[in-house]
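Asker: 3D model of this:
(4 chains)
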Number of protein chains: 4
Amino acid sequence: MADNFDSYVPEMVATRRKFHARPELGWTEFETTATVITRLRALGYQVLCGTQVVKPEAVLGRDEKLVAAAIERAKSAGVSDELLSEMGGYTGAVGILDTGRPGPTLAFRFDMDALPIQELQDPAVHLPAKEGFASTFKGVMHACGHDAHTAVGLGVARWLMDHKDELVGKVKLIFQPSEEGTRGSSPMTAAGVVDDVDWFFGGHIGTECHSHEVGVCHDVFLATVKFDVDFTGLESHAGAAPEKGRSALLAAANAAVMLSAISRTSEGDTRISVGKLVAGTGRNITPAHAHMECEVRGTTSEACDFMWEKAQTVVKGAAEMLGVEVKLTKVGEATTLKATPAAMEVVRKAAAAAKDVKEVKEITAPQASEDCTIFTRAVVAHGGNAAFFLYGCEHHGHHRPDFDVQDTVNLEPGLEVFAGIAKEVLGRK
Amino acid sequence: MADNFDSYVPEMVATRRKFHARPELGWTEFETTATVITRLRALGYQVLCGTQVVKPEAVLGRDEKLVAAAIERAKSAGVSDELLSEMGGYTGAVGILDTGRPGPTLAFRFDMDALPIQELQDPAVHLPAKEGFASTFKGVMHACGHDAHTAVGLGVARWLMDHKDELVGKVKLIFQPSEEGTRGSSPMTAAGVVDDVDWFFGGHIGTECHSHEVGVCHDVFLATVKFDVDFTGLESHAGAAPEKGRSALLAAANAAVMLSAISRTSEGDTRISVGKLVAGTGRNITPAHAHMECEVRGTTSEACDFMWEKAQTVVKGAAEMLGVEVKLTKVGEATTLKATPAAMEVVRKAAAAAKDVKEVKEITAPQASEDCTIFTRAVVAHGGNAAFFLYGCEHHGHHRPDFDVQDTVNLEPGLEVFAGIAKEVLGRK
Amino acid sequence: MADNFDSYVPEMVATRRKFHARPELGWTEFETTATVITRLRALGYQVLCGTQVVKPEAVLGRDEKLVAAAIERAKSAGVSDELLSEMGGYTGAVGILDTGRPGPTLAFRFDMDALPIQELQDPAVHLPAKEGFASTFKGVMHACGHDAHTAVGLGVARWLMDHKDELVGKVKLIFQPSEEGTRGSSPMTAAGVVDDVDWFFGGHIGTECHSHEVGVCHDVFLATVKFDVDFTGLESHAGAAPEKGRSALLAAANAAVMLSAISRTSEGDTRISVGKLVAGTGRNITPAHAHMECEVRGTTSEACDFMWEKAQTVVKGAAEMLGVEVKLTKVGEATTLKATPAAMEVVRKAAAAAKDVKEVKEITAPQASEDCTIFTRAVVAHGGNAAFFLYGCEHHGHHRPDFDVQDTVNLEPGLEVFAGIAKEVLGRK
Amino acid sequence: MADNFDSYVPEMVATRRKFHARPELGWTEFETTATVITRLRALGYQVLCGTQVVKPEAVLGRDEKLVAAAIERAKSAGVSDELLSEMGGYTGAVGILDTGRPGPTLAFRFDMDALPIQELQDPAVHLPAKEGFASTFKGVMHACGHDAHTAVGLGVARWLMDHKDELVGKVKLIFQPSEEGTRGSSPMTAAGVVDDVDWFFGGHIGTECHSHEVGVCHDVFLATVKFDVDFTGLESHAGAAPEKGRSALLAAANAAVMLSAISRTSEGDTRISVGKLVAGTGRNITPAHAHMECEVRGTTSEACDFMWEKAQTVVKGAAEMLGVEVKLTKVGEATTLKATPAAMEVVRKAAAAAKDVKEVKEITAPQASEDCTIFTRAVVAHGGNAAFFLYGCEHHGHHRPDFDVQDTVNLEPGLEVFAGIAKEVLGRK
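Answerer: Predicted structure coming up:
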């Protein structure tokens, strides 16, 4: 059967625009997940979801109130009670295609969540507004292309089913929730989703690559831990009885400074950010509560681990100094990529063979963090191979209100590279 | 003309309950001020208001948005455009009664504002709820008795007019806005309201006194300065370009600690409170803004001045350390009482002569702050006499959702003492 | 037997000048103690010393090296091995005179130590230099008059023995070491020295009183705790391996700031001082050691206790934040005076009766700290009476290189008041 | 003329041992400089010294007292007044050999200073002790091999003069003082010493190379700035008048914390070290002085510049916060190497041709800092070429009391490489 990739484009574009119009934040992708599950099953995939693919104890950064509201919204949008019940409150799904022929297990990962950004609504300068598929959810937007990722994933699903007779082994299509904040891959990994995977690949649209370029990622991602800190002290009248209070604000202020003062390490370059601090209720009341949102990063996992370990020590000591309680919650994590040479070479070959890819680049400069690294680490740890690649698009910058991808042009190369990888790894000789 | 104080009670009670049901926050007392102006004029007083009694440049802690909304609400409640126009956006009024006979000028001060507290609405335990005069404004409540103060003030106004033939000199009835946060007396003083005052008296219901008790205040109030601090830095991506950001959060955190670390002083006992700190927008963004709400206090004005001067230095240095901008706004101030012995003795005599006062106490233990002290300092500074007294009530504690006064019993002693003071100071021999 | 106080002066002056020439720091007063013991025994007193009067476990701020050197110096100065052996390494002595007649037990306290100050050696302006009794010990000086206190104590001892037939009950003369730094009274109190005392009195020369004045002290002393803090971290090369170090300097720096930031208390006015901080060995080495010298004070014992408790919490938390060890050593303590009215009245009577006292003052303004308060607290706690008084002198200021007392004039009033107190309390009727 | 390098060894060894026995700290190398000048002149070099080669205004980290004492010691050791006068108080010398033939200018740099380390004196385990050339200066030791560098430099000087007929252009031999603390190259560069240099080379014995190895250094050095900070506040009695003091200790403590909290930068990995902090005189005195010793580093000059700029801001702001004065003194600096490929290739060729070099290594891992980089930056900035190399030795580690080089074996390869470089760059065709 000929590839005829062009024939997959219209459906991918329509799917991407559907997702774009109804963007869902991390852990609330109920409509998106429902669409994915329904389509995969229609194609003939075995589909796992809910706690089959997400381990609740390992879930990071999930807001129960947002989840509850999203479930209600999904119901209103027509998602069946049966399907919602199957999801059990957890978004994300894995489609499995077993060829029945001996061979390795290959996994692809596609992330599905949107960002808390208000999309530009000016039709003069923003195509989604002009074409009528801009976000209809106030303050939420697909500003990082995960709508495209999910659409490509469903295109890949169809292509694989169309070509399953040419393949051996098994394919797992991982549709991951909550990549923003690096929250979703840890609980999927903990649920064992990649335990049997021999070859693992993930991809991202844009960033360092323009249209028709593919980038093979070296060890470019920063390891990171995202965490919240909540201090609880004791209120008192700051004028009449300051000695009866215990200031959570002062504990947080001192912690903010001392977190920033964690020493550098020779194990790698590091980052520490105290990005948010909210404490106290009024001028003359000893503040009983303080909330901080922080993250540490490292160019090596050792450097990131060093920062995370020290951060915990600092925060606990700061609480003790003021006699207040502290709760420290990890809300996200990712590590460095550690792609294997064999998998990187597979990407290069697939990209070179793709008709819509004009250039294959090596990506070596440090990037932001990407929680796909949690999957790659697990796969590499049990002896598998893993890699990550970029497929280009024109854009003004990710995480911006005017971000967009040229879906009619930029989705096809993604499909071609994933398909090419499948042929490389699982193609019948 | 006999005093017959009992006959004034029904109107005072009704007035107090009217105010109680429609409590207004500091600088938004448009309905209350309108009632005061209208009543005083009906009684025959000359009334000054707006910028005649409040100097705009000296106003502290006034929120333009709240003011604008309050004006609209006052209009809806029937306050005339003419009266609102006369107020010119500033609450507060002064009623003047000139006997035409030579004599000293006597001033009484009554404060009118409410607190941002949600009143208890349980009729089983809270009389205002049972009797139907609980606050009808969500989240705002007369929880410090200023409704009673204003009602007593209007009672005093009527009594004085009823007895004007027995008096000499001149009376000024100062109805002050925005005592909470110690914001209203500074701009009234700056407007010259007490420049010609020879004898000045203020009072407060409750606190250290029970029903039928009057307390003569010694130097019990803490001097204070309330201030806001706003740091403005520069945003950057905390992972990709931390060096391009300048953290307002870190400046505020360090300032919070170093404000608390201002040295003690032998000039008096002090307080410093950083009661609120809000900074940053997200975990991975260098925070460009930080807002702090603070106050300093001292048992002497020297000690308070020391704290305020040091606080300014600390905050500016903290900004410089992080290369961020800082704006420091004084939003309230009060000083120590420094009552004069002659005026205190006048209060003792008036209280001793009052039929509903059973006990006169000397109040010597330090209290909270009271911005009536700004008036007393000004009066004493130009050679006048001033004092402050308490008239008792039963209560569970001020600034609580279940605070209440027994208006049928507790207002009359207030009226009696103010009237007695007028007779002492201005009585025709 | 007539008082004839003048006849005691020459010996007191000679004794004081002898002590002045050989001043001894706290816990090293071996020569002074030897003189005291020898003289008291010669007069017929029972004398206790060493661990009979000082409980080693309760000793504060004692430097073993200084003690060892002082013992050697005392040997060279002729103090016998027998006497030194009796002292057992601890200075201080208590002389007991039991009249054999029933009556209360009266205690007087005299402190003996000098200060680490280099005395002025200019004979033109400094009498001790001119008359040849200036300090012969480099860097040590009796700059607070404790030489005079000890000399007066020995004068009082002689007077009491001369008049023992006129007295009832029992007298204890407490010669206390190490008042500077408030270190000596705690271990003497712990040794039970004042357990049987019914009336207790201490005095100080100078401060608020001029020659021929006596001051009766109200609750004027600040409670205090003096303490050292030693942090121990881990060295590392700050450039090559910062992550292997743990900075004691940073722990101390943060502790210094956060100690200063301990909140005020409504229980009393407070002080906190981090007076010294020494940390680190070189620019590029993570500092493994840091030493801090601190003190807290309070106008009430509650306020001081609050500061001391918080200080311990701060210091421990600061160590935990940096992962370093911390050792906190209390090196001195004193409390507030809490003199009893009965004992104060005894002082007033004795002072009024003294021929060389022209004026008796009431001392009410807060002073520095005085560890005699540890004795007074213990005496008052078991139902006894206690007071403290000043006997005046002309001076340029205590703790200065040019401090001096006019011994020929200023010692006699001290003797007279102590003698008068003995007559008041123990005089046979 | 044949090279016959072996014949230069005995003199180099004797010279090195002479220097080793009389090690001199940075800026005090008067004896060493005198030896260098005398030898160079004897060989026929034109020699510049004193302010001809060191710009006083640009001198870093020079202790006047140490210099004065060293001049006296040098006099006692026989250095002539004439020579000392020529040096004018500044160590360091430059020898110039002009062949008279057109050609480039080639410079070699040799550093001369020792370290404040007490040398091991055990003849059983330490050769210098056994052979009688261990340091005779208490607490000072050549523990980094600069004695060997200077001896090799004089060997190179002799070899060049012996082979001057085979060379073209000009040679400058730079004998630099005060490399430790990275203090000496800045003022020599400022004096114009390398303004006319086309090819520049420096070398170091040991570190990453064993005997008979040569290492060609890539961009391995950390840029650094060393600086001292002195805060001056105001003393006061911490109990009686804390408000009259201004604590330099608290300013330093806050600065120490906030220096450590300078943000990371994407421009390179960084270091910050507050290695020493000494403040205050006593427990109860507001500390008027505080002294800190600090350094910043960066893997790029941009990163180091960022740290240095921020450090200055932090320190100034910290002073302002406490109302104290601050003096910030740069006492050392170095930058990154930025060697040129052409010069690195020259080193490789020279090393490959050297008979005593068995292996040529590429050195790429980050090292400590080296102020030779100030010269290389200046040479490269005006279009010249520069490189730095290591010549090996066996050792237990630099900056240790038991450091030693095997001078009979390890000096000759250094001579051979420098000579080889001269032949490569200046050899007559």
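Asker: would you map the helices across the stretch 151-300 of chain A?
Answerer: Taking DSSP state H, counting those that start in this stretch, the helices of the stretch 151-300 of chain A run over residues A:185-190, A:248-260.
Asker: show me what the shortest one is packed up against.
Answerer: Helices and strands in packing contact with helix A:185-190 are listed as strand A:170-176, helix A:372-381; criterion 3 or more CB pairs under 8 Å, 6 or more residues apart in numbering or on different chains; DSSP states H and E. The C-beta positions use only the backbone N, C-alpha and C, and glycine is treated the same way.
Asker: from what I can see A:Gly89 touches A:Ile71, true?
Answerer: Yes: look at A:Gly89 against A:Ile71 with CB atoms under 8 Å: they come within range, at 7.2 Å.
Asker: give the contact list for the closest residue in space to A:Met258 that isn't next to it in sequence.
Answerer: Of all residues not flanking A:Met258 in the chain, A:Val314 sits nearest, at 4.9 Å (CB to CB, 6 or more residues apart in numbering or on different chains). If a contact means CB atoms under 8 Å, 6 or more residues apart in numbering or on different chains, then A:Val314 has A:Ala255, A:Met258, A:Leu259, A:Ile262, C:Met321 as its contacts.
Asker: how big is the angle separating the top helix by length along chain A from helix C:301-322?
Answerer: For chain A, the helix with the greatest residue count under DSSP state H is helix A:301-322. Using axes from the mean of the first three to the mean of the last three CA atoms, to 10 degrees, the direction of helix A:301-322 lies 180 degrees away from that of helix C:301-322.
Asker: what angle do helix A:301-322 and helix A:372-381 make?
Answerer: If you take the same axes, to 10 degrees, helix A:301-322 sits at 120 degrees to helix A:372-381.
Asker: is there any residue in whichever helix or strand comes after helix A:301-322 that contacts chain C?
Answerer: Next helix or strand after helix A:301-322 toward the C-terminus (DSSP states H and E): strand A:325-334. No: judged by CB under 8 Å from any CB of the partner chain, strand A:325-334 makes no contact with chain C; its nearest approach is 11.0 Å.
Asker: pull the distance from strand A:325-334 to the chain's centre.
Answerer: Distance, stretch centre to chain centre, for strand A:325-334: 18 Å (CA atoms, centre = their mean, to the nearest Å).
Asker: now do the buried residues in whichever helix or strand comes after it.
Answerer: Once the chain leaves strand A:325-334, the next helix or strand it forms, by DSSP H and E, is helix A:341-353. Buried residues in helix A:341-353, counted by 16 or more other CB atoms under 10 Å in any protein chain shown: A:Ala343, A:Met344, A:Val346, A:Val347, A:Arg348, A:Ala350, A:Ala351.
Asker: coming back round to it: for the contacts of A:Val314, work out which two are farthest apart.
Answerer: Farthest pair in those (CB to CB) is A:Ala255 and A:Ile262. Separation: 11.0 Å.
Asker: who's more crowded, those two?
Answerer: Ranked by neighbour count (other CB atoms under 10 Å in any protein chain shown), A:Ala255 and A:Ile262 place A:Ala255 first, with 29 against 25.
Asker: which residues are in contact with that one?
Answerer: So A:Ala255 contacts A:Val229, A:Phe231, A:Val274, A:Met292, A:Val314, A:Val315, A:Ala318, A:Ala319 (CB under 8 Å, 6+ apart).
Asker: now the end-to-end length of stretch A:216-226.
Answerer: End-to-end distance for stretch A:216-226: 26 Å, by CA to CA, to the nearest Å.
Asker: hmm, who's touching stretch A:400-410?
Answerer: Counting by CB under 8 Å, 6+ apart, stretch A:400-410 makes contact with A:9, A:12-13, A:16-17, A:117-120, A:125-128, A:141, A:143-145, A:148, A:151, A:205-206, A:211, A:391-397, A:411, all of which sit outside it.
Asker: restrict these to those near chain B?
Answerer: Counting by CB under 8 Å from any CB, no member of the contacts of stretch A:400-410 reaches chain B.
Asker: quick one: which of those residues sit in strands?
Answerer: A:Ile205, A:Tyr391 (DSSP state E).
Asker: now the buried members of the contacts of stretch A:400-410.
Answerer: A:9, A:12-13, A:16-17, A:117, A:119-120, A:126, A:128, A:141, A:143-145, A:148, A:151, A:205-206, A:211, A:391-393, A:395, A:411.
Asker: kindly report the residues of the stretch 301-429 of chain A close to chain D.
Answerer: Along the stretch 301-429 of chain A, the residues adjacent to chain D under the rule CB under 8 Å from any CB are A:Pro366.
Asker: for the stretch 301-429 of chain A, which spans come out with low pLDDT?
Answerer: Scanning the stretch 301-429 of chain A with the threshold set as pLDDT under 70 gives no residue ranges.
Asker: which parts of it sit against chain C?
Answerer: Proximity of the stretch 301-429 of chain A to chain C, by CB under 8 Å from any CB, involves residues A:Phe306, A:Lys310, A:Thr313, A:Val314, A:Lys316, A:Gly317, A:Ala318, A:Ala319, A:Glu320, A:Met321, A:Leu322, A:Gly323.
Asker: could you find the closest non-adjacent residue to the third one?
Answerer: The spatially closest residue to A:Thr313, leaving aside those adjacent along the chain, is C:Gly323, at 5.7 Å (CB to CB, 6+ apart).
Asker: inside helices: which ones of the buried ones among the contacts of stretch A:400-410?
Answerer: Those of those mapping onto helices are A:Val9, A:Met12, A:Val13, A:Arg16, A:Arg17, A:Pro128, A:Ala148, A:Ala151, A:Leu411, per DSSP H.
Asker: tell me which two in these are the farthest apart.
Answerer: Within these, two members stand farthest from each other by CB to CB: A:Val9 and A:Pro128, at 17.7 Å.
Asker: circling back: for the ones in helices among the buried ones among the contacts of stretch A:400-410, which one is nearest D:Arg297?
Answerer: Ranked by distance to D:Arg297 (CB to CB), those are led by A:Ala148 at 43.1 Å.
Asker: can you confirm A:Phe389 is in a strand?
Answerer: Yes: per DSSP: H, G, I helix; E, B strand; the rest coil, A:Phe389 lies within a strand segment.
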